[in-house]
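S.K.: Take this sequence and fold it.
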Amino acid sequence: MKTWVRASMLGLALLLGAQVAQAVDVVDERGVTVSLPQPPQRIVSLLPSLTEGVCALGACNRLIGVDRYSNSPAQVRALPQLGGGIDPNVEAVVALKPDVVLLAKSSRVTQRLETLGLKVIVLEPKSHADVRRVLGALDQVLGTHEAPAVWRVIDAAVSAAAQSLPASARGLRVYFEVNTGPYAAGDSSFIGETLARLGVKNIVPASLGPFPKLNPEFVVRANPDLIMVSVRSAMGLEQRPGWGSIRAVREGRVCRFDAEQTDVVVRPGPRMDEAARLMAQCLTDKGR
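M.R.: Numbers count the residues shown, from 1 in each chain. Model prediction:
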């Protein structure tokens, strides 16, 4: 066999081998193994934390469409918005011809998208451990090999935020309201995990669930030292029955997060280090 023929065959074999090596198999949160012929280049993300995860791993340029709530980093705001993550516009998703669709377990369109021939990967972080695990899964899908380094930076920054707190802030009893109702962040939520790492006490025990709806009197009786709440949810807070007697309200120890800050603190994703810094700043400013 001539040398050039052998070389060509060897080159073809190496090329085929490289293509096979690029194939991706990932087990998602349904326990389903999703197989992709290669790392996807056209990605639709229908959950803000997954959108942020893709970008944190350096693959933002592969996103071709997102849900209406994905707004970080800024460059994703120019992408087609495909509706809500739970019930997106299926026709619009299909029209983009994505290699893969990333969405939450709570989405109602997973089976329909698969029936229409799309590859779907279900991932939904709900805790600090989940954030690390989902970053690892996205890393595997994207072939980026960045997740370990990204997680180390996030984890170290959360620890640094905790270490920045003055002694006067440690051990404060905190109420974190995620929405009017009131719905609170319990001790078992990812927000509760962050508060615990910051060394403060959540007035809402884990036994009530991650995000329970509370009787407003519960907060009055608990009498927290400090309240964290969005600007929108804080409207009329002082006028709620009995809330004027709460120490945090009486002493002005209420942190009101604006819309952008609220997005950061209520999303379990790669910006959890930024969330920890915002909470730590609140505790520093209001916990003295």
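
S.K.: Report the secondary structure state of residue 256.
M.R.: Judged by DSSP: H, G, I helix; E, B strand; the rest coil, the three-state class of residue 256 is strand.

S.K.: Show the pLDDT at it.
M.R.: Here, the pLDDT recorded for residue 256 equals 96.

S.K.: what's the answer for residue 4, then?
M.R.: With respect to pLDDT, residue 4 has a value of 44.

S.K.: Next, give phi and psi for residue 57.
M.R.: Residue 57 adopts backbone torsions of phi -90, psi 10, taken as degrees, to the nearest 10.

S.K.: just checking, next helix/strand downstream of the helix or strand of the chain with the lowest mean pLDDT?
M.R.: For the chain, using mean pLDDT, DSSP states H and E, the weakest element among its helices and strands is helix 3-21, scoring a mean of 47. Downstream of helix 3-21, the next assigned helix or strand under DSSP states H and E is strand 24-27.

S.K.: how far away is the nearest residue in space to residue 136 that is not next to it in sequence from residue 42?
M.R.: By the measure of Cβ to Cβ, 6 or more residues apart in numbering, the closest residue to residue 136 outside its immediate chain neighbours is residue 147, 4.9 Å from it. Every C-beta, even on glycine, is put in place using the N, C-alpha and C of the backbone. Distance of residue 147 to residue 42, computed by Cβ to Cβ, to the nearest Å: 21 Å.

S.K.: Check residue 87 too.
M.R.: Taken as Cβ to Cβ, the span from residue 87 to residue 42 is 22 Å.

S.K.: picking up where we left off before, surely the residue nearest to residue 136 meets residue 133?
M.R.: No. Judged on Cβ atoms under 8 Å, residue 147 makes no contact with residue 133 at a distance of 9.5 Å.

S.K.: So between the two, which is more surrounded?
M.R.: Ranked by neighbour count (other Cβ atoms under 10 Å), residue 147 and residue 133 place residue 147 first, with 22 against 16.

S.K.: wait, what's in contact with the more buried one?
M.R.: Residue 147 is in contact with 57, 132, 135-136, 138-139, counting by Cβ atoms under 8 Å, 6 or more residues apart in numbering.

S.K.: What subset of these is buried?
M.R.: Taking 16 or more other Cβ atoms under 10 Å as the criterion, what is buried in the contacts of residue 147 is 57, 132, 135, 138-139.

S.K.: any weak-confidence spans in the protein?
M.R.: 1-21, 288 (pLDDT under 70).
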